[in-house]
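> sequence plus the predicted model coming up.
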Amino acid sequence: MKYMDEFRDRRLVTTLARQIHGEAGRPVRIMEVCGTHTMAIFRHGIRAMLPEEIELVSGPGCPVCVTPSGVIDGFLDLARRPEIIITTFGDMLRVPGSGTGPGNSLAGARSEGADVRIVYSPMDALTLARQEPDREVVFIAVGFETTTPTIAATILAADELQVENFSVFPAVKTMGPPLKALMRDPEVRVDGLLCPGHVSIIAGADSFRFLAREYGLACAVAGFEPTDILLAITVLLRQIDSGTPTVDNCYGRAVTMEGNRKARQITEKVFTPVDSEWRGMGLIPKSGLGLRDQYKQFDITSRLNLTIPPSREPGGCRCGDILRSICSPPDCPLFGRACTPASPIGPCMVSSEGTCAAWHKYNNPEALT
Amino acid sequence: MTGYITLDHGAGGLASQKLIGSLFLKHLKNPILGRMEDGAVFDPGEGRTAFTTDSYVVDPIFFPGGTIGELAVNGTINDLAMCGAEPRALSLALIIEEGFGIAELERIIKAIADSADHAGVPVLTGDTKVVPRGKADKIFINTSGIGMVGDGIRMGADRIRAGDVLLLSGTLADHGITIMTSRAGLTVDGNLQSDTRPLHFLSRKILTEAPESIHAMRDPTRGGLGTVLAELATTTNLCMEVEEENIPMRGEVRAACELMGLDPLYLANEGKCVVIAAPEQAASVLGAMQATEAGRQAAIIGKVTEKYPGRVILHTVSGGKRLVEPLSGEPLPRIC
Amino acid sequence: MCLAIPMRVVEIQGGKDPLLDPERAIVDADGLRKEVRLDLVDRRPQVGDYLIIHAGFAINCLDAENAEINLALMRELAEEMAREDGETP
């Protein structure tokens, strides 16, 4: 596949890995804040290519992981209503709510008779609504800056086409506020940030500049192929070594400094910042997005006057600490024991991109050393 | 034929007889089945008897490249082929939901008949039941198969040794990605189709030419290649090492996997097999596979070692390596 | 939260009416073709352009020149290292 395979080339990867080995000095801690980065790193076996001095930790970049259990309970309550068709990205299907028992996820609700369908695009949900005028089609709107414009564009289309049986359950968030909160947290110690490449397409590489300026954090916008990630790590090492934190765009083929203004305008037309709860991090002001008044009819929680149940964190689960990069999955007492991909307790294990799931699937340090 | 299946069709009376005569026997033409005795009596030939059963509940029942009918025939034939058996006969049991369209049923029966004919394996006995609306999802099919294993053939996980070679008979994940794109309502063009086909011609060829060098065979259906190799690794306590670069894949299938965030190692294959062979004969086994229609794109994809006992290691295209664990739960498309 | 892949534009369809028939692109990757929405890109892509596709939408055009330069730099580095190792590049 063009513009993918070349960036996976073995020779180039080996070259960059060697360069990193040559330049690595004192121990550094680099955070990746994008579940897609977590997956890419594990999928290509990149951790094993890096010298010991470089520690990669995970931040809150998994939109499924950071959705509070109360909100998931809200999805499930809605799913059980017979007039509702729930449409969702596949990622959300097996995330458990705060309850127990087989019906405690959208997949479980489906096997108990709820109409839950996986869609590839929010636009597919709108198309479905037009095909099923007697049912209410609700799209579970979870995601970050990359995905939110696609949801906004779909709502605008629904509005223009006057589709009355389409709505969303808004649970989208933005990356800036939690990153700020993380950098302010005295327990978190991070030297560099692997900035999410596709969020940056929308938000612009410049949107991370405040982290370098105000917190001295080295930042590099990285793509998702092995050479992209290794190049960004190299650049971060150099920034850290020379003590000159800035934002380097290492994904220039897709990302610009100012980002995609049109996509942001579409998002801003439909959505407005609201306070939002993040699993393991609590309430972060203005870190979520809600529908503006003129589009409130597309917010199912508003239309049906739904109250979101309060969140109950599972006992012993350290998802929150894992998301704040305070610890790794093996540090959680439940990891690999009570909490496995087959029987997940916290969303970090359920989501296919969750830190714990990826760690469990792809990484076993004893096996590969 | 038109109309819908009613409970009467499964009751054994006139409606059943009419359905059997005008639909089943019309397409499934063989004298033993035609006799409609309670059981089929036949001579299966020489050797040890192999016996297998499988049920097919796939959704959707019609998909690009086939139907539940072909899966039901080829799937059971392939289980026999993986035992080293020559498939000799199939049974066919249907559980049909009341209200299922007769035209759709005929399409499935015709598909069963065509694949059985193509494979040269007859359906000798059958049964039909109809359940009330809602008690089954359209149609469930069970096929059982009897085959005969020749004397010289001795395959099994216990024959696998360190140094053995892993061969894959063709392109990976074709069936699974076709079903997943259909389930996720992903409209794509690009000739994604199921790879459903019988593998006994291939297994016959390689087992005839070099029976001692074929140590084991498996078909990576549900759970995919990753799960099958993980099971073998656990059973043998050896290491399955796979070169990602050497796994044959169709371009469109790879692109669809990337688009949907699916790992091809965990997607189903319905017309492929993994062959574990002695290293000295690897080249000739490969040649024999490639000389068959089912194995045109066969490739050596890895080897068995003792490096990480009980594990499957993937050497990635970019030069890294990672563990391949058995699949937990169904694969799901991702956006994140 | 960022699964997106580059795909090549093979056809632009629609455009007769922004509401009922908005412009869409048919994009291709190794023979797999998909129709995608263009609501989020600010310039009309040409056939042969590469778009980054996420959730059925094009979210940006790929800068092919930048990609080629980046690859060329990495290849140069690889050759340099090979020379230092005493290999023939």
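Alright, I've got the coordinates.
> of all of the stretch 51-200 of chain A, which residue lies closest to chain C?
A:Ser121 (2.8 Å; C-beta to the nearest C-beta). C-beta coordinates here come from the backbone N, C-alpha and C atoms, glycine included.
> can I assume that residue is in contact with C:Phe57?
Yes. Judged on C-beta atoms under 8 Å, A:Ser121 makes contact with C:Phe57 at a distance of 7.0 Å.
> what about the helices in the stretch 201-336 of chain B?
B:224-236, B:251-260, B:282-290 (DSSP state H, counting those that start in this stretch).
> how many neighbouring residues does C:Thr65 have?
Just to correct that, residue C:65 is Glu rather than Thr. Number of residues near C:Glu65 (other C-beta atoms under 10 Å in any protein chain shown) recorded here: 10.
> check chain A and tell me which residue is nearest its centre.
A:Cys62 (2.7 Å; C-alpha atoms, centre = their mean).
> ok so, going back, just the helices of the stretch 201-336 of chain B: most buried one?
helix B:251-260 (a mean of 24; mean count of other C-beta atoms under 10 Å in any protein chain shown).
> and whichever residue of the stretch 201-336 of chain B sits closest to chain A, how far is that from chain C?
The nearest approach of the stretch 201-336 of chain B to chain A comes at B:Gly320, 2.6 Å away (C-beta to the nearest C-beta). Relative to chain C, B:Gly320 is positioned 17 Å away (C-beta to the nearest C-beta, to the nearest Å).
> what about that residue, how many residues nearby?
Count around B:Gly320 with other C-beta under 10 Å applied: 25.
> ok, now B:Ala162?
B:Ala162: 14 neighbours (other C-beta under 10 Å).
> give me phi/psi at it?
Per-residue torsions, B:Ala162: phi -60, psi 140 (degrees, to the nearest 10).
> OK, contacts around it?
B:238, B:304-306 (C-beta atoms under 8 Å, 6 or more residues apart in numbering or on different chains).
> now, of these, which are buried?
Buried members of the contacts of B:Ala162, scored by 16 or more other C-beta atoms under 10 Å in any protein chain shown, are B:238, B:304.
> adding pLDDT, write the contacts of B:Ala162 out as a markdown table.
Below are these laid out as a markdown table (pLDDT from 0 to 100):
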| residue | pLDDT |
| --- | --- |
| B:Leu238 | 98 |
| B:Val304 | 98 |
| B:Thr305 | 98 |
| B:Glu306 | 97 |
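> among the contacts of B:Ala162, which lie within strands?
B:304-305 (DSSP state E).
> ends of stretch B:94-103, what's the gap?
Start-to-end span of stretch B:94-103 (C-alpha to C-alpha, to the nearest Å) is 15 Å.
> contact partners for the closest residue to A:Glu52 other than its chain neighbours?
Take A:Glu52 and drop its neighbours on the chain: the residue closest to it by C-beta to C-beta, 6 or more residues apart in numbering or on different chains is A:Pro27, 7.9 Å away. When contacts are counted by C-beta under 8 Å, 6+ apart, A:Pro27 is found next to A:52-55.
> also near chain A: which of the contacts of B:Ala162, exactly?
Among the contacts of B:Ala162, no residue lies close to chain A (C-beta under 8 Å from any C-beta of the partner chain).
> identify the farthest-apart pair in the contacts of B:Ala162.
B:Val304 and B:Glu306 (8.4 Å; C-beta to C-beta).
> mutual contacts of these two, please.
B:162, B:238-239.
> looking at these, which is nearest B:Thr181?
Among the shared contacts of B:Val304 and B:Glu306, and counting by C-beta to C-beta, the member closest to B:Thr181 is B:Cys239, at 33.3 Å.
> contact partners for the closest one?
Applying C-beta under 8 Å, 6+ apart, the residues near B:Cys239 are B:233, B:304-313.
> need the contact list for the residue in chain C that chain B sits nearest to.
Residue of chain C nearest chain B, by C-beta to the nearest C-beta: C:Asp30 (3.1 Å). Counting by C-beta under 8 Å, 6+ apart, C:Asp30 touches A:1, B:251-252, B:254-255.
> what do you get for A:Lys269?
A:152, A:156, A:292 are the contacts of A:Lys269 under C-beta under 8 Å, 6+ apart.
> now A:Gly90
Contacts of A:Gly90 by C-beta under 8 Å, 6+ apart are A:118, A:352, B:184, B:260-261, B:332-335.
> and if you look at A:His44?
A:His44 neighbours (C-beta under 8 Å, 6+ apart): A:8, A:13, A:226, B:316, B:318, B:320, B:322.
> neighbours around the fourth one, how many?
Read that as B:Thr316. 21.
> go on, the first one?
Neighbour count for A:Arg8, taken as other C-beta under 10 Å: 20.
> just the pLDDT at it, thanks.
For A:Arg8, the model assigns a pLDDT of 96.
> next: the last one.
On the pLDDT scale, B:Arg322 is placed at 88.
> surely it touches B:Tyr308?
No. In this structure B:Arg322 lies outside contact range of B:Tyr308 using C-beta under 8 Å: 11.5 Å.
> what ranges does chain C have for its strands?
C:5-13, C:24-29, C:32-37, C:50-54, C:57-61.
> in TSV, list these along with mean pLDDT, distance to A:Phe139 and mean neighbour count.
Listed next are the strands of chain C as TSV, based on pLDDT from 0 to 100; distance: least, C-beta to C-beta, whole Å; neighbours: other C-beta atoms under 10 Å in any protein chain shown:
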stretch	mean pLDDT	distance to A:Phe139	mean neighbour count
strand C:5-13	96	22	18
strand C:24-29	95	20	22
strand C:32-37	95	15	22
strand C:50-54	97	16	24
strand C:57-61	97	14	24
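> would you turn the ones you listed into TSV with distance to A:Leu304?
Putting those into TSV (distance: least, C-beta to C-beta, whole Å) gives the following:
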stretch	distance to A:Leu304
strand C:5-13	36
strand C:24-29	33
strand C:32-37	28
strand C:50-54	29
strand C:57-61	28
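> list the residues that contact A:Arg312.
A:69-70, A:98.
> circling back: do you know the pLDDT at the spatially closest residue to the residue of chain C closest to chain B that is not a sequence neighbour?
The shortest distance from C:Asp30 to any non-neighbouring residue, by C-beta to C-beta, 6+ apart, is to B:Gly251 (3.1 Å). pLDDT, B:Gly251: 95.
> might you report the residue contacts of B:Gly251?
A:1, C:29-32.
> in stretch B:92-103, what's buried?
B:92-98, B:100, B:102.
> same list, those residues, but only the ones touching chain C.
Answer for these near chain C: none qualify (C-beta under 8 Å from any C-beta).
> in strands only, show me these.
B:92-97.
> between the two ends of stretch B:210-223, how far is it?
Where stretch B:210-223 begins and where it ends lie 29 Å apart, using C-alpha to C-alpha.
> what's the local residue count around the residue of the stretch 1-150 of chain B at minimum distance from chain A?
Closest approach between the stretch 1-150 of chain B and chain A, counting by C-beta to the nearest C-beta: B:Gly134, at 10.3 Å. B:Gly134 is flanked by 9 other residues according to other C-beta under 10 Å.
> specify the beta-bridge partners of the residue lying closest to it once chain neighbours are set aside.
In this structure, B:Gly134 finds its nearest non-sequential neighbour in B:Glu97, 7.4 Å apart by C-beta to C-beta, 6+ apart. With DSSP bridges applied, B:Glu97 shows beta-bridge pairing to B:Val131.
> B:Glu97 reaches B:Leu105, doesn't it?
No. Under the criterion of C-beta under 8 Å, B:Glu97 is not in contact with B:Leu105, lying 10.7 Å apart.
> mind listing the shared neighbours of the two?
B:5, B:139.
> so where's the stretch 201-350 of chain A uncertain?
A:280, A:313-314 (pLDDT under 70).
> close to chain B: what parts of it are there?
Counting by C-beta under 8 Å from any C-beta, the stretch 201-350 of chain A sits next to chain B at A:226-227, A:340-342.
> still on that earlier bit, as JSON lines, the strands of chain C with distance to chain A would be great.
Output for the strands of chain C, formatted as JSON lines (distance: least, C-beta to the nearest C-beta, whole Å):
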{"stretch": "strand C:5-13", "distance to chain A": "4"}
{"stretch": "strand C:24-29", "distance to chain A": "5"}
{"stretch": "strand C:32-37", "distance to chain A": "6"}
{"stretch": "strand C:50-54", "distance to chain A": "6"}
{"stretch": "strand C:57-61", "distance to chain A": "5"}
